[in-house]
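Undergrad: I'll drop the sequence and a predicted model, then ask my questions.
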Amino acid sequence: MQRAFRRLKEDLDAARRKEAAQAASNKTFSPEELAERFPLFASLTPEQREVLVLHFKPRTAQPGERIIRAGERADSVYFISSGRAEVSVAGRTIKLGPGDFLAKWR
């Protein structure tokens, strides 16, 4: 009986973790939340963050659309407010979701 209870508890814990991961991947961040989330902006005052957010420009991408190409001039940072993105570098694929970012690096 105790073994069955332990197995049931493990299954329940696994289901909760899966549900939490799914909810996190479906979250949508506001521009303000994105600015608060990154350590780079941590030392900014709320007023400075407010000004920063005014410079955020919404952009959408279609599945399969390339946003950044290797070797392009570094001029943008993309904060993912919702949805998912994949980055392919040196044969590796990195999956990104809400709250993550990607940038053009040279």
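TA: Great, that's in hand. Numbering: from 1, shown residues only.
Undergrad: which residues touch stretch 59-69?
TA: Defining contact as Cβ atoms under 8 Å, 6 or more residues apart in numbering, one finds that stretch 59-69 is touched by 76, 78, 85, 87, 102-104. C-betas here are computed from N, CA, C, even on glycine.
Undergrad: ranges for the strands of the protein?
TA: Applying DSSP state E to the chain gives strands spanning 77-79, 85-89, 92-96, 101-103.
Undergrad: which strands and helices sit next to the first one?
TA: Using 3 or more Cβ pairs under 8 Å, 6 or more residues apart in numbering; DSSP states H and E as the contact criterion, the elements in contact with strand 77-79 are strand 101-103.
Undergrad: so which bits of the strand it packs on are buried?
TA: Using 16 or more other Cβ atoms under 10 Å as the test for burial, strand 101-103 gives L102.
Undergrad: show residues contacting it.
TA: Taking Cβ under 8 Å, 6+ apart as the rule, strand 101-103 contacts 38, 67-68, 74, 76-80, 85, 87, 96.
Undergrad: one more time with 6 Å, if that's ok
TA: 77-79, 87 (Cβ atoms under 6 Å, 6 or more residues apart in numbering).
Undergrad: now flag whichever of the residues you listed is closest to P31.
TA: F79 (7.9 Å; Cβ to Cβ).
Undergrad: separation between the closest one and E32?
TA: As judged by Cβ to Cβ, to the nearest Å, F79 and E32 stand 11 Å apart.
Undergrad: the two: which has the busier surroundings?
TA: F79 (19 against 14; other Cβ atoms under 10 Å).
Undergrad: pLDDT value on that one, please?
TA: The confidence metric pLDDT takes the value 89 at F79.
Undergrad: also W105?
TA: 56.
Undergrad: go on, L8?
TA: In this model, L8 carries a pLDDT of 84.
Undergrad: and for it, the neighbour number?
TA: L8, neighbours per other Cβ under 10 Å, totals 10.
Undergrad: where are the low-confidence patches of this structure?
TA: Residue ranges of the chain with pLDDT under 70: 23-25, 104-106.
Undergrad: which residues touch stretch 83-91?
TA: By Cβ under 6 Å, 6+ apart, stretch 83-91 touches 93-97, 102.
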